[in-house]
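>>> Build me a model:
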Amino acid sequence: MDALPASVLDHLREFTSPTVANAIEVFNVRPRQEGFMRPEIRCVFPQLGVMVGYAVTLKIRGATPGSESETVHARAHWEKVLQVPAPRVVVVEDLDDPSGLGSYWGEVNANVHRALGCVGVVTNGGVRDLDEVAALRFHFFASHIAVSHACVHIVESGTPVRVGGLTVRPGDLLHADQHGVVNVPRELAAKIPEGARKVADMEYRIIACSQSAEFTLEGLEALWRSMRG
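Numbers count the residues shown, from 1 in each chain. Below is the predicted model:
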């Protein structure tokens, strides 16, 4: 699995996730209602800004004990993490129903995965140890804040997961910030600045019209029609 040039990821970090989502729409590669996580996946540390990385995947449960050695599962997971290019983002599907009873993500696993080249985690489950993890500048995107790890254990790793309505596969390129999480098609990653410029131009014209002292509905409609076709 090859990494994109570091400069491409650097450029992606210059944009907000809504801007990236808008830029992807310019190229009409997928339906507009797809390619991003639903709003229940919330940014826990908005002060950390943009997170960009390649997905590594994991499935967990916390409501019942695991039946096999957790050390064996953890080692297999760590090895799979290193098969994906850095920077890495761990995407974790919590299989409990409802999810979030036990948190796999706190100070210890944040440190372990940071050492493995991960920059954050995205999960439909829970996270904890917020002060300690924020100090590491390790991103948390989650549905729940949890108090206990309960019986949390790894079920499998390195397979597709579904989190926040989005199916994520190992190596998928993710962009996330205080607004949420977007899957960036790898073939479009280098074109995001181009798409963002096109969208920004359209938005600037609408905003300028709306703020103008000469604003009229007729003028707005004419501008809207010229841009929308």
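>>> which SSE is S99 in?
Using DSSP states H and E, S99 sits within no helix or strand.
>>> contacting residues around it?
Going by CB atoms under 8 Å, 6 or more residues apart in numbering, S99 touches N124, G125, G126, S143, H144. For every residue, glycine as well, the C-beta is placed using N, CA and C.
>>> now do R38
Counted by CB under 8 Å, 6+ apart, R38 has contacts G164, G165, L166.
>>> for Q47, same thing?
Contact analysis of Q47 by CB under 8 Å, 6+ apart lists A134.
>>> same for the longest strand belonging to the chain, what does it pack against?
Longest strand in the chain, counting residues (DSSP state E): strand 51-61. With contacts taken as 3 or more CB pairs under 8 Å, 6 or more residues apart in numbering; DSSP states H and E, strand 51-61 sits against helix 70-81, strand 88-94, strand 118-123, strand 153-157, strand 161-163, strand 173-177.
>>> out of these, nearest to S212?
strand 173-177 (30.7 Å; CB to CB).
>>> which other helices and strands contact the helix or strand just after that closest one?
Sequence-wise, the next helix or strand downstream of strand 173-177 (DSSP H and E) is strand 180-184. Judged by 3+ CB pairs under 8 Å, 6+ apart, strand 180-184 is in contact with helix 17-26, strand 166-168, strand 173-177.
>>> Show me how the protein divides into domains.
The record assigns the chain these domain ranges, following automatic domain parsing: 6-186, 193-228.
>>> ends of the longest one, how far apart?
This means domain 6-186. 13 Å (CA to CA, to the nearest Å).
>>> got it, and the shortest one?
According to CA to CA, domain 193-228 extends 21 Å from its N-terminal end residue to its C-terminal end residue.
>>> how far does that domain sit from the chain's center?
In terms of CA atoms, centre = their mean, to the nearest Å, the centre of domain 193-228 is found 30 Å from the chain centre.
>>> and it, average pLDDT?
Average pLDDT, domain 193-228: 91.
>>> Check which residues of that domain are buried.
Within domain 193-228, the residues that count as buried by 16 or more other CB atoms under 10 Å are P193, G195, A196, V199, M202, C209, L223.
>>> Quick check: E14 vs A196, distance?
According to CB to CB, to the nearest Å, E14 stands 9 Å off from A196.
>>> actually A63, not the one I typed
For A63 relative to A196 (CB to CB), the value is 43 Å.
>>> Tell me which residues touch the residue most central in space within the chain, please.
The centroid of the chain falls nearest to V181 when counting by CA atoms, centre = their mean (3.4 Å). Applying CB under 8 Å, 6+ apart, we find V181 in contact with S17, F36, M37, I41, V122, F141, G164, L166, L174, H175.
>>> so what's the closest residue to L188 other than its chain neighbours up against?
Spatially, and ignoring its direct neighbours in sequence, L188 is nearest to F27 (5.7 Å; CB to CB, 6 or more residues apart in numbering). The contact partners of F27, taken as CB under 8 Å, 6+ apart, are L188, K191, G195.
>>> any idea how far A21 is from the closest residue to the second one other than its chain neighbours?
By that I understand K191. Closest residue to K191 in three dimensions, ignoring its sequence neighbours and counting by CB to CB, 6+ apart: F27, at 6.8 Å. Counting by CB to CB, the gap from F27 to A21 is 12 Å.
>>> for the contacts of V181, which one is nearest R88?
Taking CB to CB as the measure, R88 sits nearest to L174 out of the contacts of V181, at 9.9 Å.
>>> What sits closest to the closest one if chain neighbours are left out?
Closest residue to L174 apart from its sequence neighbours, by CB to CB, 6+ apart: V89 at 5.2 Å.
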